[in-house]
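Visitor: coords please:
(one chain, ligands or ions: 1)
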Amino acid sequence: MVSDKNRILIMTAVSAEKDAVLRGLHANQTIDVLVAGVGPVAAAANTAKVLATSKYRLVISTGIGGGFSGRAEVGTLVVADEIVAADLGVETLEGFSSFDELGFGSTKVQVDLSLVNRVTGALHEAKLPVSTGPIITVSTATGTAVSAAERSGRVPGVAAEAMEGYGVALAAHIHGVPALEIRAISNQVGPRDKNAWRIKEALDVLEKAFSVLEELL
Ligand SMILES: O=C(O)c1cccc(C(=O)CC[C@H]2O[C@@H](n3cnc4c(=O)[nH]cnc43)[C@H](O)[C@@H]2O)c1
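Guide: Residues are numbered from 1 along each chain as shown. As a prediction, this is how the structure comes out:
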């Protein structure tokens, strides 16, 4: 790894997502794309490991994700305007209490909204279907309509769900590096129906996204 403050680090959960991003980047020499592993803990640990020895000006968590109905449809892109750990908290008789509410710290990583707007604008200019909104990170992927409604109700405007963004973004924040999360929607968040997942379509739009963003980043 070249240690250079002009470099960008992109973390994906699995190699299929890494390969899609690399196809879009056309062998860009200033962007490193690495596999973080699935889930927030692996993603945080592996991102922190990289940042401990190499300097970057930006970290991006990206890959496929679930879209919330009416906010992010399958085959579209979502750029996070807030990265939220949706299940960091306590189950109580009155419902879920987040770490924020309990005073245990923040479950959110703020993002540079001017960068979010530039990224979203570039994708829109390229005629790619894109929206912005909070992206939640979970340790257990939603699998029922009840859970989808509960999570959607707790995070106003939530657009998408995935499993690595908060881990990647928190590791970056601890190292003083700004972070983004960009998701290509492979499925709708809700009742588990693997037959309804459109992973290839999502990987295709992920590739297109990074072929556009290569010029901007
Ligand atoms: O439901 C299943 O049988 C099943 C089998 C394999 C993988 C899964 C996943 O949930 C993959 C999680 C993986 O993909 C991202 N992802 C994509 N869609 C979602 C979602 O709706 N909720 C959470 N994560 C999602 C995630 O970032 C992981 O890397 C399920």
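
Visitor: so does stretch 128-135 get close to the ligand?
Guide: No - using Cβ under 6 Å from any ligand atom, we find that stretch 128-135 stays clear of the ligand, coming within 9.7 Å at best. Every C-beta, even on glycine, is put in place using the N, C-alpha and C of the backbone.

Visitor: what's the closest residue to residue 163 other than its chain neighbours sitting at in phi/psi?
Guide: Among residues not flanking residue 163 along the chain, residue 39 sits closest, at 5.1 Å (Cβ to Cβ, 6 or more residues apart in numbering). Backbone torsions of residue 39, given as degrees, to the nearest 10, read phi 100, psi 160.

Visitor: got it, and residue 158?
Guide: Residue torsions, per degrees, to the nearest 10, at residue 158 are phi -50, psi 130.

Visitor: any idea how far it lies from the ligand?
Guide: Counting by Cβ to the nearest ligand atom, to the nearest Å, the gap from residue 158 to the ligand is 12 Å.

Visitor: go ahead and confirm that residue touches residue 72.
Guide: No - the criterion here is Cβ atoms under 8 Å, and residue 158 misses it with residue 72 at 9.2 Å.

Visitor: where is the longest helix in this protein?
Guide: helix 199-216 (DSSP state H).

Visitor: mind listing what's buried in that helix?
Guide: 201-214 (16 or more other Cβ atoms under 10 Å).

Visitor: I'd guessed residue 120 sits against residue 129; true?
Guide: No - counting by Cβ under 8 Å, residue 120 stays clear of residue 129, with 11.2 Å between them.

Visitor: can you map out the helices along the protein?
Guide: Using DSSP H, helices in the chain cover 15-25, 40-51, 99-102, 113-125, 145-154, 165-174, 199-216.

Visitor: more neighbours: which of residue 158 and residue 72?
Guide: residue 72 (28 against 24; other Cβ atoms under 10 Å).

Visitor: separation between the more buried one and residue 61?
Guide: Taking Cβ to Cβ, to the nearest Å as the criterion, residue 72 is separated from residue 61 by 16 Å.

Visitor: repeat for residue 24
Guide: For residue 24, the distance to residue 61 - Cβ to Cβ - is 16 Å.
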